[in-house]
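Student: I would like to see how this sequence folds:
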Amino acid sequence: MRRLVAAALVLTACGRADKSPIVLGLAGPFSQPRGVSMRHAAELAVKEVNARGGIRGRDLVLRVLDDSGRPEVAIRIAQQLVQDPAVVGVIGHLTSSASLAAGRVYGEARRPVAMISPSASSPDLSGVNPYMFRVCPSDLNHGIQLARYARQVLRARRVGVIYLDDDYGRGLRASFAAEFKRLGGAGGAGGAGGGGEIVEEDPMLATTPSLEPYLSRMRQQGGVDAIMLATDRGGAELALSEMARIGVHWAPLGGDALSGIETAGPLAEGLRMSVAYLVDQSGDRNAQFVAAYAHAYPGERPDHRGAAAYDIVQLLAGVLTETGADRRAVRDRVARTGGSLPAFEGVTGSIAFDARGDVPAKPVVIGVVHAGKLAPETQ
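Tutor: Numbering: from 1, shown residues only. The predicted structure follows:
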């Protein structure tokens, strides 16, 4: 009789385990504006997956943790997630510095877990370990495209650079400056003509109170045709407001960390920004996503971080359906996406990973801020 009872308990427990939720970690600066779209879009994707029946009949759930964009917090969060046996994958982290710090924890743990970042773009993340992936282009791509735009479309010969002194800012600044100088040395590719010059490259911190000394010095040196803001949104808004105050009208450019600045009103009008995703880009898949997002979160529009997080959830849902909830199997199938397995066609485009966890074929586009929106640039 005891054996029958024990067998019944084991079967009941197994039945419950088969129906237990499958857990994905979601890590980013969700108490900050830049993390809102990432969280909302990931939650939207999970709801859609579960409405389709989940993963082999099991619900998909998120374990949401706020890293504040700080590497030391990201490390603690990564330790929590990697030690939780229910977690089979991680969406995050959002920033490059947090992703680099946490990614080493995920990849070097006794039972490693795959981390897929929606927007960590530092070149330093490439190939750190086999469990780190990202679905966004690196700063090398962003910097190159912004430099070509400045040189070939804006016909800029003199450019000033202000950069945030962190992994993101330094990476974007370096790739932009190298390409701009290369184009200048080639005698002005695309018909720009003449040589190209980086007049200044000035660092800032998130706590920097004023950029006016940098801007005034650029003006004293004869001004610039364009100013590259390799900063976050706050740094760019500070630069733009102080440019207006001292009366200089240089064409501003920046990377995808400026997302959201389009809502800053006339201050941001005309700013050009490199992104891997535009909310108004064509395609039925994107239109369906934007409509679903607007219905779920009235008055909001997703940014590139949100669209990428949505894609990551949908990608992992497909992977989990094939592999089940085994960390190593999940990682191995993710790594084969776009290689021995077909690329994943998402809202942000085609996702195909290389051996370093990057998506080298992911294009970068230039958008322009107009009337409170970031729209595709027409050349």
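
Student: when you work out contacts or count neighbours from here on, use the C-alpha atoms and nothing else.
Tutor: Fine.

Student: do a quick rundown of the strands in the stretch 51-200 of the chain.
Tutor: All strands of the stretch 51-200 of the chain, identified by DSSP state E, counting those that start in this stretch, fall at 60-66, 87-91, 115-117, 132-134, 158-164, 197-204.

Student: now those as CSV including mean neighbour count?
Tutor: What follows is the strands of the stretch 51-200 of the chain, written out as CSV (neighbours: other CA atoms under 10 Å):
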stretch, mean neighbour count
strand 60-66, 19
strand 87-91, 27
strand 115-117, 29
strand 132-134, 29
strand 158-164, 24
strand 197-204, 18
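
Student: nearest to residue 262, out of these?
Tutor: Among these, the nearest to residue 262 by CA to CA is strand 158-164 (19.3 Å).

Student: counting contacts, what elements does that closest one pack onto?
Tutor: Judged by 3 or more CA pairs under 8 Å, 6 or more residues apart in numbering; DSSP states H and E, strand 158-164 is in contact with helix 167-185, strand 197-204, strand 226-230.

Student: okay, domains of the chain per the record?
Tutor: Domain assignment of the chain by automatic domain parsing yields the ranges 2-137+281-363, 140-275.

Student: hang on, isn't residue 337 packed against residue 353?
Tutor: Yes: in terms of CA atoms under 8 Å, residue 337 counts as a neighbour of residue 353; the distance is 6.0 Å.

Student: more neighbours: which of the two?
Tutor: Legend: neighbour count by other CA atoms under 10 Å for residue 337 and residue 353, higher for residue 353 (23 against 18).

Student: the residue nearest to that one when sequence neighbours are not counted: what secondary structure?
Tutor: Closest residue to residue 353 apart from its sequence neighbours, by CA to CA, 6 or more residues apart in numbering: residue 359 at 4.9 Å. Counting by DSSP: H, G, I helix; E, B strand; the rest coil, the backbone at residue 359 sits in coil.

Student: from residue 301, how far out is residue 359?
Tutor: From residue 359 across to residue 301, the span is 25 Å (CA to CA, to the nearest Å).

Student: which of the helices and strands packed on strand 158-164 is buried the deepest?
Tutor: strand 226-230 (a mean of 27; mean count of other CA atoms under 10 Å).

Student: that one vs strand 158-164, what angle?
Tutor: With axes from the mean of the first three to the mean of the last three CA atoms, to 10 degrees defining the directions, strand 226-230 sits at 20 degrees from strand 158-164.

Student: show residues contacting the following helix or strand past strand 226-230.
Tutor: On the C-terminal side of strand 226-230, the closest following helix or strand by DSSP states H and E is helix 233-246. With CA atoms under 8 Å, 6 or more residues apart in numbering as the test, helix 233-246 has contacts from 164, 206, 210-212, 215-216, 229, 249, 257-261, 267-268.

Student: buried ones in helix 233-246?
Tutor: By 16 or more other CA atoms under 10 Å, the buried positions in helix 233-246 come out as 233, 235-240, 242-243.

Student: same question for stretch 36-52.
Tutor: Those would be 36-46, 48-50, for stretch 36-52 by 16+ other CA under 10 Å.

Student: what are the contacting residues of it?
Tutor: Identification of contacts with stretch 36-52 by CA under 8 Å, 6+ apart yields 26, 28, 30, 55, 59-62, 293, 296-297, 301-303, 305-310, 313-314, 317.

Student: same deal with stretch 326-341?
Tutor: With contacts defined as CA under 8 Å, 6+ apart, stretch 326-341 is touched by 88-89, 111-114, 131, 316, 319-320, 323-324, 343-344, 351-355, 357.

Student: quick one: residues contacting the spatially closest residue to residue 71 that is not a sequence neighbour.
Tutor: Nearest residue to residue 71 in three dimensions, chain neighbours excluded: residue 98, at 4.2 Å (CA to CA, 6+ apart). Neighbour list for residue 98: 67, 69-72, 74-75 [criterion: CA under 8 Å, 6+ apart].

Student: go on, residue 211?
Tutor: By CA under 8 Å, 6+ apart, the contact set of residue 211 is 204, 238-239, 242.

Student: out of those, which is nearest to residue 289?
Tutor: Within the contacts of residue 211, the smallest distance to residue 289 is 32.7 Å, found for residue 238 (CA to CA).

Student: OK, contacts around the most centrally placed residue in the chain?
Tutor: Closest residue to the average C-alpha location of the chain: residue 119 at 1.2 Å, with CA atoms, centre = their mean. Residue 119 makes contact with 93-96, 134-136, 304-305, 308 under the criterion CA under 8 Å, 6+ apart.

Student: looking at the residues you listed, which are in helices?
Tutor: Among the contacts of residue 119, the residues falling in helices (DSSP state H) are 96, 304-305, 308.

Student: return the helix or strand in the chain with minimum mean pLDDT.
Tutor: Using mean pLDDT, DSSP states H and E, the weakest-scoring helix or strand in the chain turns out to be helix 2-18, at a mean of 47.

Student: picking that back up, what's around the residue nearest to residue 353, how many residues?
Tutor: Using other CA under 10 Å, residue 359 has 20 neighbouring residues.

Student: could you report the separation of it from residue 143?
Tutor: For residue 359, the distance to residue 143 equals 16 Å [CA to CA].

Student: likewise for residue 34?
Tutor: Distance from residue 34 to residue 143, by CA to CA: 21 Å.
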